[in-house]
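*Asks:* Got a predicted structure plus its sequence, pasted below:
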Amino acid sequence: MYVCICKGITDTHIKALVRDGASDLKSIMKNLGLASQCAKCVKQAKAIIEESSPVNTDALLQPPTTNNVNLNLQMPSTLPLRKSA
Ligand code: FES
């Protein structure tokens, strides 16, 4: 499917670069000439880069929320007794 009509760039071109290590829009733009004319392709290219990336880096950069942290801080109901010397 064509993503950038102005430069004839397809989703296959973008996915191949992501597979080869390109991880952001800037490097895709530099390598393919994407968005160098009307730039209407930027939004779709970003979506393809994100869905093609092996690791979703946005998720890794988010601070943890209290909803997904389970600290399980329960204390044992009885503590072992220590004899003092
Ligand atoms: S559609 Fe990509 S620069 Fe025009």
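*Replies:* Looks like it arrived, so ask away. No experiment lies behind these values; they were computed from the predicted model shown.

*Asks:* mind listing what Y2 touches?
*Replies:* 8-10 (CB atoms under 8 Å, 6 or more residues apart in numbering). Where you see a C-beta, it was placed from the backbone N, CA and C, and this is true even at glycine.

*Asks:* L34 too?
*Replies:* Counting by CB under 8 Å, 6+ apart, L34 makes contact with 3-4, 7, 9, 14, 25, 28, 41-42, 45.

*Asks:* now Q44
*Replies:* When contacts are counted by CB under 8 Å, 6+ apart, Q44 touches V3.

*Asks:* Kindly recompute the last result at 10 Å.
*Replies:* Taking CB atoms under 10 Å, 6 or more residues apart in numbering, we find Q44 in contact with 1-4, 11, 14.

*Asks:* separation between it and K83?
*Replies:* 72 Å (CB to CB, to the nearest Å).

*Asks:* Phi first, then psi, for the closest residue to T10 other than its chain neighbours.
*Replies:* Nearest residue to T10 in three dimensions, chain neighbours excluded: Y2, at 5.6 Å (CB to CB, 6 or more residues apart in numbering). Dihedral angles of Y2 (phi, psi; degrees, to the nearest 10) stand at phi -70, psi 130.

*Asks:* okay, and for this structure, where does confidence drop off?
*Replies:* 55-76, 79-80, 84-85 (pLDDT under 70).

*Asks:* Just give me the longest helix of it.
*Replies:* Longest helix of the chain, by residue count under DSSP state H: helix 42-52.

*Asks:* Name the residues of that helix that are buried.
*Replies:* Buried positions in helix 42-52, judged by neighbour count with 16 or more other CB atoms under 10 Å: 42, 45, 48-49, 52.

*Asks:* can you list those in TSV and add distance to G33?
*Replies:* Below are the buried residues of helix 42-52 laid out as TSV (distance: CB to CB, whole Å):
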residue	distance to G33
V42	13
A45	12
I48	16
I49	15
S52	19
